[in-house]
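**Q** Prediction below, plus the sequence it came from.
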Amino acid sequence: MTLFQVDTPLPHIPDNLTIPQFMLREMSGRPVRPRNTPFFIEDTTGRNVTYEEVHHRTYSLANALSLRWNVGQYYGIGRTAFSYADEPRIGLNDVVCIMSPNHVDYMPAVWAVHTLGAIITQVY
């Protein structure tokens, strides 16, 4: 296994960002990550997942959750002509359960839900 080390001091950790914002935004003071450096490595297969893939997966899933189940929106806010009262809805600070084994796509799923303001509970 390859270990990655950075010899520069750690950046200031802001307290006004969510975990996904902190992990996935480019911030000043951080070392520049080479494009081909893996963000996650799947243990069983060795498949590399890059920062760009994690970023894309996180925000794409957040978009899908928001559009399909209105995750991160209160009831009645953001309704469109295609929204009906009997559709499932999840509001801010509601809990979303993810049942999944440890996998490289687990954190993008968690961060997608956090991005929308919901809370994760996990089942393995």
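**A** That came through fine. All of these numbers come straight from a predicted model, not from anything done at the bench. Residues are numbered from 1 along each chain as shown.
**Q** Find the nearest non-adjacent residue to the residue minimising distance to the centre of the chain, please.
**A** In the chain, the C-alpha nearest the mean C-alpha coordinate belongs to Trp111, at 2.1 Å (CA atoms, centre = their mean). Counting by CB to CB, 6 or more residues apart in numbering, the nearest residue to Trp111 once its immediate chain neighbours are dropped is Pro20, at 3.8 Å. (Each C-beta comes from the backbone N, C-alpha and C, glycine too.)
**Q** burial of the one you found, as a residue count?
**A** Neighbours of Pro20 under the rule other CB atoms under 10 Å: 22.
**Q** Correct me if wrong: it contacts Thr58.
**A** Yes. The criterion here is CB atoms under 8 Å, and Pro20 meets it with Thr58 at 6.2 Å.
**Q** okay, and the common contacts of the two?
**A** Counting by CB atoms under 8 Å, 6 or more residues apart in numbering, the common neighbours of Pro20 and Thr58 are Trp111, Ala112, Thr115.
**Q** In this protein, mark out all the helices, start to finish.
**A** Taking DSSP state H, the helices of the chain run over residues 19-24, 51-69, 106-115.
**Q** and Pro14, what does it touch?
**A** Phe22.
**Q** Asp105 versus that one, what's the distance?
**A** Pro14 sits 27 Å away from Asp105, going by CB to CB, to the nearest Å.
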